[in-house]
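Asker: Pasting the sequence and the predicted coordinates here, then a few questions.
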Amino acid sequence: MNRVILIGASNVTMAFPRLVNGLGTAFDSPLEIWGAHGHGRSYGTWSKVLGRALPGISNCRLWKEWSVAESDPRPRALLTDIGNDVLYGHESPQIIDWIESCLQRLRSMQAKIVMTRLPLASLQRLSRLRFTVARRILFPRCALKFDDVIRIAHELDDRLTSLGEEYGANIVEPLGHWYGLDPIHVRSRCMNRAWRHILQAWFAGDPPGF
């Protein structure tokens with residue numbers, strides 16, 4: 001049984017049907033997909049969006065319920081959408097602790113890990129006005145200023161890259177043209193290209209179905 005673990009927030013949630021359909025064509029044998037994601041999801045604390053509350057990913061049921069037979073292939077795992085916690089007011093050392101907790105567990109599963117960096121190319125094009133509008137819509141409780149978010153994002157991305165290398169993850173940098181006015185969500189017209197780029201390390205060549 002092939003197993004895929006999809007961990008993230010709104011980008012995974014919005015693309016989930018596309019990911020299921022695409023990954024379903026990628027394997028000859030049966031495929032089981034595990035997911036820990038959701039709009040605005042935090043890696044470490046409870047979050048609530050549109051009336052739905054979710055626990056932090058590092059403490060969710062996935063880790064308790066995971067089981068796999070020794071004869072099964074190595075699972076493939078994706079860690080993405082690592083940035084919401086900046087807008088929730090958490091500093092990079094705390095976020096890195098949560099990510100490392102996930103990486104430790106994935107390593108114990110012998111997972112083939114793909115991890116995305118923060119969308120810095122998109123953030124570099126972000127004006128203060130666009131930042132303010134996006135913050136009020138996506139993270140209305142966030143009181144951080146533009147300069148603070150950019151500083152923490154760059155610091156987190158540097159630490160994230162080093163951590164991913166330490167755990168043997170395939171690290172993928174999001175491309176700036178995937179994003180439009182919304183600086184953190186991949187545009188619908190770019191989703192296939194984006195996921196093909198992100199997941200190609202799991203396969204020999206481009207993933208089928210994208």
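Answerer: Nice, thanks for sending it over.
Asker: going forward, measure contacts between C-alpha atoms and count neighbours the same way
Answerer: Noted.
Asker: Okay, and residue 4 sits in which element?
Answerer: strand 2-7 (DSSP states H and E).
Asker: so how far is the helix or strand just after that strand off the chain centroid?
Answerer: Reading on from strand 2-7 to the C-terminus, the next helix or strand found by DSSP H and E is helix 10-24. Remark: helix 10-24 is offset 12 Å from the chain centroid, using C-alpha atoms, centre = their mean, to the nearest Å.
Asker: same thing with stretch 62-72?
Answerer: Taking mean C-alpha positions (C-alpha atoms, centre = their mean), stretch 62-72 and its chain are 21 Å apart.
Asker: State the mean pLDDT of it.
Answerer: Stretch 62-72 shows a mean pLDDT of 84 in the predicted model.
Asker: contact partners of it?
Answerer: 1, 2, 34, 35, 36, 105 (C-alpha atoms under 8 Å, 6 or more residues apart in numbering).
Asker: Quick check: phi and psi on the spatially most central residue of the chain?
Answerer: Ranked by distance to the mean C-alpha position of the chain (C-alpha atoms, centre = their mean), the top residue is residue 80 at 1.3 Å. As for residue 80, its main-chain torsions (degrees, to the nearest 10) stand at phi -150, psi -180.
Asker: So it sits against residue 119, correct?
Answerer: No - using C-alpha atoms under 8 Å, residue 80 is not in contact with residue 119, being 10.4 Å away.
Asker: Which stretches in this protein count as strands?
Answerer: Counting by DSSP state E, the chain has these strands, from start to end: 2-7, 31-36, 47-49, 52-54, 76-79, 112-116, 170-172.
Asker: list the helices and strands the strand holding residue 4 packs on?
Answerer: Secondary structure elements in contact with strand 2-7, counted by 3 or more C-alpha pairs under 8 Å, 6 or more residues apart in numbering; DSSP states H and E, are strand 31-36, strand 76-79.
Asker: Buried deepest among the ones you listed, which one?
Answerer: For these, the stretch with the most neighbours on average is strand 76-79, a mean of 24; neighbours defined as mean count of other C-alpha atoms under 10 Å.
Asker: contacts for that strand?
Answerer: Residues lying outside strand 76-79 but in contact with it, judged by C-alpha under 8 Å, 6+ apart, are 3-8, 106, 111-116, 202.
Asker: and the two most separated of the residues you listed?
Answerer: Among the contacts of strand 76-79, the pair separated by the greatest distance (C-alpha to C-alpha) is 3 and 116, at 19.5 Å.
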